[in-house]
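>>> Need a 3D model of the sequence below.
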Amino acid sequence: MIKTNGQKMASEICSIRIMFPVESDESAIEYKKKITDILSEIPEAQIHFTISSLPPRGELNAHSTIRPDS
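The predicted structure is shown next:
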């Protein structure tokens with residue numbers, strides 16, 4: 001930790017990306033609320049919440065195999 005004006009400041013951040021299928025927007029919102037409750041003890045926590053359509057089968061992994069020309 002780094003100290004500024006006598007206060008401790010974090011020198012690192014933790015970033016977690018979680019993706020999972022849901023049956024409805026309401027279900028996704030309920031999970032978001034649960035995660036928000038868990039992180040409520042960390043005032044600086046930020047949650048970036050998005051609901052999107054599931055990509056066509058196979059398209060999800062296609063992007064991770066694309067390599068730039070050398």
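>>> helix, strand or coil for the residue nearest the centre of the chain?
The structure's the chain has its C-alpha centroid closest to R17; by CA atoms, centre = their mean the separation is 3.7 Å. Judged by DSSP: H, G, I helix; E, B strand; the rest coil, the three-state class of R17 is coil.
>>> For it, give its distance to T50.
Distance of R17 to T50, computed by CB to CB, to the nearest Å: 11 Å. Backbone N, C-alpha and C define where each C-beta goes, glycine included.
>>> burial measure for E12, as a count.
By other CB atoms under 10 Å, the residues close to E12 number 6.
>>> helix, strand or coil for it?
E12 ends up coil, using three-state DSSP.
>>> And K8, by the same measure?
strand.
>>> who's it bridged to?
Residues in a beta bridge with K8, per DSSP bridges, are K3.
>>> Show the pLDDT at it.
pLDDT, K8: 75.
>>> now do G58
pLDDT, G58: 67.
>>> Next: H63.
Looking at H63, its pLDDT reads 51.
>>> E12 too?
So, for E12, pLDDT stands at 93.
>>> With that, I have no additional questions.
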